[in-house]
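*Asks:* Quick one: sequence plus predicted model below, questions after.
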Amino acid sequence: MSSNKGKDTGEGSSTRSSAEDQQQQPPPLSRYESQKRRDWNTFGQFLKNQRPPVALAQCNSNQVLDFLRYLDQFGKTKVHLQGCVYFGQPEPPGPCTCPLKQAWGSLDALIGRLRAAYEENGGLPEKNPFASGAIRIYLREVRDSQAKARGVPYKKKKKKRNQMKANSDESNFPMQSM
C-alpha cells in the first residue's frame, strides 16, 4: 500500500510540474532576437574587458567605435588597400596581403540591433550611443572605402512605391459603388 501511495504521488507531481514547466517557458526567440541578445552580451563583455572597465551607463560613441574596430579582426571581407595592385578591382585575379575586415552591411545590421537592444534594456533614445552622428559617419566611411576598394560604387536601393500603386490600380476586381 505504501508503494502505491508513492507511485501515485510521484506520478501526479511529475505530471503537474512538467505541465507547469511547459507553461512557464517563453517561446523560442526569433533569429533576429537571438542575434540581438548575443550582440548585446558581446558588447557588454567588451566594455567589461576595457581597462578600466566601462559601465554601460557611461558608454559613449567612442566605445562603440572601438568595438566596431575590434570586430574587424574577425572579418571575412577582403578590403584592398590603396597601394595594392588589386585596389579597385571587383574580381581580383590572385591573392594579396590586404586585411580582412567586417563587411559594411554586417556592421550596419549590428548597429541596428544594438541600437534597439540599448533602448529595450532601459537606455534613453536621446542618449543612445549607437544612434550618434559619429557612428553614422563611421559607417558611411566604411561603406565608401569598401566600395572604392572593390571598384564598385555603392548605390542606394530605390523604394518601389509607384510599382505597388500601379499594380493595385490594374486589379481585375471592380470597385464597389456605394
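*Replies:* Perfect, thanks for sending it. Just so it is clear, the model here is predicted, and its values are computed rather than measured.
*Asks:* C-alpha only now, for contacts and for neighbours.
*Replies:* Will do.
*Asks:* quick one: contacts for residue 114?
*Replies:* 36, 39-40, 130 (C-alpha atoms under 8 Å, 6 or more residues apart in numbering).
*Asks:* so where does the residue positioned nearest the centre of the chain fall, helix or strand?
*Replies:* Taking C-alpha atoms, centre = their mean, the centroid of the chain lies closest to residue 110, which sits 3.2 Å from it. Taking DSSP states H and E as the definition, residue 110 sits inside helix 104-120.
*Asks:* Now do the buried residues in that helix.
*Replies:* Using 16 or more other C-alpha atoms under 10 Å as the test for burial, helix 104-120 gives 104, 107-108, 110-111, 113-118.
*Asks:* what residues are up against the closest residue to residue 54 other than its chain neighbours?
*Replies:* Spatial nearest neighbour of residue 54, excluding adjacent residues (C-alpha to C-alpha, 6 or more residues apart in numbering): residue 47 at 5.2 Å. Contacts for residue 47 (C-alpha under 8 Å, 6+ apart) come out as 53-56, 63.
*Asks:* of those residues, closest to residue 76?
*Replies:* residue 63 (22.5 Å; C-alpha to C-alpha).
*Asks:* Can you give me the neighbour number for the closest one?
*Replies:* For residue 63, the neighbour count with other C-alpha atoms under 10 Å is 19.
*Asks:* now do residue 62
*Replies:* The burial count for residue 62: 12, using other C-alpha under 10 Å.
*Asks:* Check whether it sits in a helix, strand or coil.
*Replies:* Under DSSP: H, G, I helix; E, B strand; the rest coil, the three-state class of residue 62 is helix.
*Asks:* and the gap between it and residue 46?
*Replies:* With distances taken as C-alpha to C-alpha, to the nearest Å, residue 62 is found 13 Å from residue 46.
*Asks:* taking the buried residues of helix 104-120 as a set, which two sit the farthest apart in space?
*Replies:* Farthest pair in those, by C-alpha to C-alpha: 104 and 118, 20.8 Å.
*Asks:* Just the buried ones from the contacts of residue 47, in PyMOL syntax?
*Replies:* The PyMOL command for the buried members of the contacts of residue 47 (criterion: 16+ other C-alpha under 10 Å) is given here:
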select buried, resi 54+63
